[in-house]
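Student: Structure here, sequence nowhere to be found:
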């Protein structure tokens, strides 16, 4: 059976801050049947993840951008693959059956076709499907693995998280609290300050837009210094964090969103500090920690059920909202994990 | 018995590139006898280490220089402590006897008084005493521990070392060769290029002063990318190394000499590269690895005896040469470990 498939794509490469007008909705014919002999999986997309890192796949590739070797460019006018949850419409793959819920690499579209690569059957375990896009999905694994494996936290240690209200940041802060750490978050609005303190139990939260000297801010928030910095923003915040770190401090580099849309912007941390204080700065990607998925899920589910962790989701409805949802990431509009609900799992498959 | 003791000190704090005129030789009365009941050790200094990091102890302390919390300032007009080899003149400390050779924290002077802190009896093992200041001393341990523990080299890996002809750098390259790595060094003169290639067996060596684009230089020298960068210089070299690193690359931050005498100078590595390539940047000090000293000595002595490693020393004679020796470090004058021989171990104790 053939239907039409709507999907969101880029009109051209994007090198500055993204705008809604950089994107367009395209419609193409799409077959809901699997070709005989193929092991494709045809998926109806339900919830899709909206992540800042995608901007790095949308940039113009110049010969000096050696990073491009390590991430796949998004081609103009083509389907954009993204993490999400869907339902199987048809499958030629013995691992999946019609009506299975699946989680993994789907797309910013109504339907996806998967070759089974980065796709798993999903048991919702009684939680809303959207949870499996965010805190029980890759954002959660990123926070869990990055914090536990890279930062190696000990009870009582002083933890700083930037972009602390969004997908990964809020979870790092919550994991840190479950381990008995002192946690300070940095956010971009008074509402987010309040939310993280009151709902998530952060020890301190500051709004960086109200601070004039980040060094002094961190000195004030960390009278005993920083042991762990989970970095989502890069730039001056990384510099200030390094200046305020303790001996043997650890920096997990998860993202540098302040540098994504500003080619000239770079952090210039004081490397003499890094030497004298024996600081480790480590970049990581969650894909290297898939072996921790079962441990991450059981820990997180336990914390959710006992009320030690809470979900922060920011869900927009309808595929058409993807461009606005995406550009909003760079303007600080979202609170918690940004997700687009493409379909409500009712009606036609 | 009282004698006079000559020592080198700073006239004032030094914030730019050091000059000979920043130093002066002072003479003070000095007792060669131990006070009754004290456990002091009176030492005649023989060979003293001349190290770039000392400049960081000579700078003006401003409140923003948080590094100063982690290193001891050198006071104007006072004795400057430094690593070196000496001979015991008198001892109130049961661990040391008159005429013992000792290695550890002595001073830029003719004599030192030690409370036994960072001081050990020295068995020269048939090697010249000067070896125990450099390749069998802290420089050697720095190279060994930093390379083995921080860089975790594997046979065949591609290793880049900056400041490759001086104290630590040449040893890192030599250790890397003993482990079957591909080694490229960066130096500052054609003579040094030749020396490292011909005497030490580096695979490639370049003179950074002859290169216009360090990124291209490293691309040329590392067609298969860099796995390990042992950084002694910081600045643009660190940036270019990160750009040319492979997945899971490791950077040992040992020193950033290009930033020591230029307050405004900082490396701005591409942190997005650090994330995508899962790079680890780790600062370290050799003092954390004293437990490796026996292993380091036995390995290095074995390599020396079998001819797999060679010593590169640059020895000046006489305490008066300390200022010239020290400022020369920042002008690239030394080849190998810079040492000043204060006394030849003959004559009066």
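Tutor: Cool, the structure landed. Keep in mind the model is a prediction, meaning the values are calculated, not measured. Numbers count the residues shown, from 1 in each chain, chains lettered A, B, ... in the order given.
Student: quick one, helices of the stretch 201-349 of chain A?
Tutor: Using DSSP state H, counting those that start in this stretch, the helices of the stretch 201-349 of chain A run over A:214-221, A:235-243, A:257-260, A:271-276, A:293-305, A:322-329.
Student: Dump those helices to TSV, plus mean neighbour count.
Tutor: Any C-beta I mention is one placed from the backbone N, CA and C, and that applies to glycine too. Below are the helices of the stretch 201-349 of chain A laid out as TSV (neighbours: other C-beta atoms under 10 Å in any protein chain shown):
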stretch	mean neighbour count
helix A:214-221	18
helix A:235-243	22
helix A:257-260	22
helix A:271-276	24
helix A:293-305	16
helix A:322-329	21
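Student: Go through these and name the closest to residue B:84.
Tutor: helix A:271-276 (21.8 Å; C-beta to C-beta).
Student: Is the closest one positioned near chain B?
Tutor: Yes: residues of helix A:271-276 contacting chain B under C-beta under 8 Å from any C-beta of the partner chain: A:271-276.
Student: on that earlier part again, right, and the helices of the stretch 201-349 of chain A - which one's nearest residue A:39?
Tutor: The closest of those to residue A:39 is helix A:293-305. By C-beta to C-beta, the value is 22.9 Å.
Student: which helices and strands sit right next to the closest one?
Tutor: helix A:138-145 (3 or more C-beta pairs under 8 Å, 6 or more residues apart in numbering or on different chains; DSSP states H and E).
Student: What is the helix it packs on packed up against?
Tutor: Applying 3+ C-beta pairs under 8 Å, 6+ apart, one finds that helix A:138-145 makes contact with helix A:167-178, helix A:293-305.
Student: before we move on, which element is residue A:86 in?
Tutor: strand A:81-91 (DSSP states H and E).
Student: distance between that strand and the chain's centre?
Tutor: Distance, stretch centre to chain centre, for strand A:81-91: 18 Å (C-alpha atoms, centre = their mean, to the nearest Å).
Student: repeat for stretch A:219-232
Tutor: For stretch A:219-232 - counting by C-alpha atoms, centre = their mean - the centre lies 22 Å from the chain centre.
Student: Now that stretch: buried residues?
Tutor: Neighbour-count burial for stretch A:219-232, counted by 16 or more other C-beta atoms under 10 Å in any protein chain shown, picks out A:221-222, A:225-232.
Student: residue nearest the centroid of chain A?
Tutor: By C-alpha atoms, centre = their mean, chain A has its centre lying nearest to residue A:139, at 4.6 Å.
Student: That one contacts residue A:169, doesn't it?
Tutor: No: under the criterion of C-beta atoms under 8 Å, residue A:139 is not in contact with residue A:169, lying 9.6 Å apart.
Student: Specify which member of the residues of helix A:271-276 next to chain B is nearest to residue A:264.
Tutor: Nearest member of the residues of helix A:271-276 next to chain B to residue A:264, counting by C-beta to C-beta, is residue A:271, at 20.1 Å.
Student: Need the pLDDT of the closest one.
Tutor: Per-residue confidence (pLDDT) for residue A:271: 95.
Student: Make CSV out of the helices and strands packed on helix A:138-145 and add mean pLDDT.
Tutor: Output for the helices and strands packed on helix A:138-145, formatted as CSV (pLDDT from 0 to 100):
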stretch, mean pLDDT
helix A:167-178, 97
helix A:293-305, 97
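Student: and residue B:335, which of these is closest to it?
Tutor: helix A:167-178 (48.4 Å).
Student: quick one: the very next helix or strand once past that closest one to helix A:235-243, angle?
Tutor: The element immediately downstream of helix A:167-178 (helix or strand, assigned by DSSP H and E) is strand A:182-187. Orientation check (axes from the mean of the first three to the mean of the last three C-alpha atoms, to 10 degrees): strand A:182-187 against helix A:235-243 gives 160 degrees.
Student: Partner strands of strand A:182-187, with direction?
Tutor: strand A:158-161 (parallel), strand A:204-207 (parallel) (DSSP bridges).
Student: For it, the averaged confidence score.
Tutor: 98.
Student: ok, residues contacting that strand?
Tutor: Residues from elsewhere that reach strand A:182-187 (C-beta atoms under 8 Å, 6 or more residues apart in numbering or on different chains): A:156-165, A:169-170, A:173, A:176-177, A:193, A:196, A:202-208, A:221-222, A:233, A:237.
Student: Now tell me what touches the helix or strand following that strand from outside.
Tutor: Proceeding N to C from strand A:182-187, the next assigned helix or strand is helix A:190-198, under DSSP H and E. Helix A:190-198 is contacted from outside by A:164-165, A:170, A:173, A:185, A:187, A:202, A:204-207, A:312, A:335, using C-beta under 8 Å, 6+ apart.
Student: now do stretch A:324-334
Tutor: Stretch A:324-334 is contacted from outside by A:17-20, A:22-23, A:50-52, A:54-55, A:166, A:188-189, A:257, A:260-261, A:314, A:316, A:338, A:340, using C-beta under 8 Å, 6+ apart.
Student: For stretch A:142-153, what is the distance to the chain centroid?
Tutor: Relative to its parent chain, stretch A:142-153 has a centroid offset of 14 Å by C-alpha atoms, centre = their mean.
Student: Start and end of that stretch, how far apart?
Tutor: Start-to-end span of stretch A:142-153 (C-alpha to C-alpha, to the nearest Å) is 15 Å.
Student: Could I get the buried residue list for it?
Tutor: So, applying 16+ other C-beta under 10 Å, buried residues of stretch A:142-153: A:142-148, A:150-151, A:153.
Student: circling back to that earlier point, compile the helices and strands packed on helix A:138-145 into JSON lines and extend it with columns for distance to residue A:112.
Tutor: Converted to JSON lines, those look like this (distance: least, C-beta to C-beta, whole Å):
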{"stretch": "helix A:167-178", "distance to residue A:112": "21"}
{"stretch": "helix A:293-305", "distance to residue A:112": "21"}
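Student: Verify the contact between residue A:169 and residue A:233 for me.
Tutor: No: at 9.1 Å, residue A:169 and residue A:233 do not qualify as touching, with contact defined as C-beta under 8 Å.
Student: Find residues that contact each of these two.
Tutor: A:162-163.
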